[in-house]
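Student: Predicted model follows, preceded by the sequence.
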Amino acid sequence: MGKGTKLALILGAIPFITLVFALPLVNRIEPVILGLPFLLFWILSWVILTPLILFLAYRLEKKFNPPEEED
């Protein structure tokens, strides 16, 4: 497994960890951010950030492991 693949897997695991394992740590109503309880704001922000992080993981994978061209 190449360096880019390892970094891409770590980046891909960040949203999973924050949405699954960090929820008990941020499970609170106060503070209210943009009119949303903190827990709802946390989940919504990670839903928005996940595609960006996965795009970065894709770019890392593509940079370190370019596709092989067949002749």
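Tutor: The structure has been received and is ready for your questions.

Student: Would you point out which residue is most central in this protein?
Tutor: Residue closest to the average C-alpha location in the chain (Cα atoms, centre = their mean): P15, at 3.3 Å.

Student: max-length helix in the protein?
Tutor: helix 38-64 (DSSP state H).

Student: Remind me what that helix packs against, helices and strands.
Tutor: helix 3-20, helix 23-26 (3 or more Cβ pairs under 8 Å, 6 or more residues apart in numbering; DSSP states H and E). Yep, even glycine has a C-beta here, placed from its N, CA and C like the rest.

Student: neighbouring contacts of the last one?
Tutor: By that I understand helix 23-26. Outside of helix 23-26, the residues within contact range by Cβ atoms under 8 Å, 6 or more residues apart in numbering are F38, L39, W42, I43.

Student: Which helix or strand lies directly C-terminal to that helix?
Tutor: Moving toward the C-terminus from helix 23-26, the next helix or strand (DSSP states H and E) is strand 32-33.

Student: Where does pLDDT dip in the chain?
Tutor: Applying pLDDT under 70 to the chain flags residues 1-2, 4, 70-71.

Student: what's the nearest residue to L11 if we skip its chain neighbours?
Tutor: A57 (4.1 Å; Cβ to Cβ, 6 or more residues apart in numbering).

Student: Next up, the contacts around the one you found.
Tutor: Neighbour list for A57: L7, A8, L9, L11, G12 [criterion: Cβ under 8 Å, 6+ apart].
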